[in-house]
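S.K.: Predicted structure and sequence below. I'll ask about it afterward.
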Amino acid sequence: MALTPCTVPQAGRPTFTIAEDEMEIGMGIHGEPGVRRGKLHTADVIAAEMLDMQLTDRPIAAGDRVSVLVNSLGATPAEELFILYRQVHARLTGLGATIVMPLVGRYACSMEMAGVSFTIIKLDAELERLLQAPAECAFWRV
């Protein structure tokens, strides 16, 4: 979900325009068009719509183990990401899923774009082990 565009250095101008009272759901990290543009909503409504889209495509059931990434697109502060994660957590645990190693922060950014992305992955034993394996690099530390 995007609230503002980013400016790619090579282009030197914003990748798209959007009104101050609008948001775009499904926007790509480089400004690719989303699936819906409309008036800005509350964090709870935004989180519900984003989750509805993902869970329609890939349902989560009781007993599933999942990892969740709530990612800032660049300008969205951590406090706002945690407000959104609160809804993700409530919805997924309400379905009976167990969330393993949730990630909330800036992981895949698009310069100064204000917005958020959600990634949900179902884990099997191997993926869970690999996700939690010790690692240290510039943008990832376990």
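M.R.: Nice, thanks for sending it over.
S.K.: Give the buried residues for stretch 124-139.
M.R.: Glu128 (16 or more other C-beta atoms under 10 Å). The way it works is simple: take the backbone N, C-alpha and C, and place the C-beta from them, glycine included.
S.K.: ok, now stretch 2-21?
M.R.: Using 16+ other C-beta under 10 Å as the burial criterion, the residues of stretch 2-21 that qualify are 2-7, 14-16, 18.
S.K.: Now do that stretch: distance to the chain's middle.
M.R.: 19 Å (C-alpha atoms, centre = their mean, to the nearest Å).
S.K.: do stretch 53-64 as well
M.R.: Centroid separation for stretch 53-64 versus its chain: 16 Å, with C-alpha atoms, centre = their mean.
S.K.: First-to-last residue distance for that stretch?
M.R.: Distance across stretch 53-64, first residue to last, is 18 Å (C-alpha to C-alpha, to the nearest Å).
S.K.: go on, stretch 101-119?
M.R.: Stretch 101-119 has an end-to-end distance of 13 Å (criterion: C-alpha to C-alpha).
S.K.: Quick check: buried residues in it?
M.R.: 104, 109-111, 113-118.
S.K.: still on that earlier bit, can you tell me which of the buried residues of stretch 2-21 is closest to Phe82?
M.R.: Using C-beta to C-beta, Leu3 is the member of these that sits closest to Phe82, with 17.1 Å.
S.K.: who's in contact with the nearest residue to the closest one once chain neighbours are set aside?
M.R.: Nearest residue to Leu3, sequence neighbours excluded (C-beta to C-beta, 6 or more residues apart in numbering): Ala114, at 4.1 Å. Ala114 makes contacts with 2-4, 73-76, as judged by C-beta atoms under 8 Å, 6 or more residues apart in numbering.
S.K.: mind checking pLDDT for Ala114?
M.R.: Note on Ala114: pLDDT of 93.
S.K.: And it, how far from Glu24?
M.R.: Distance, Ala114 to Glu24, by C-beta to C-beta, to the nearest Å: 11 Å.
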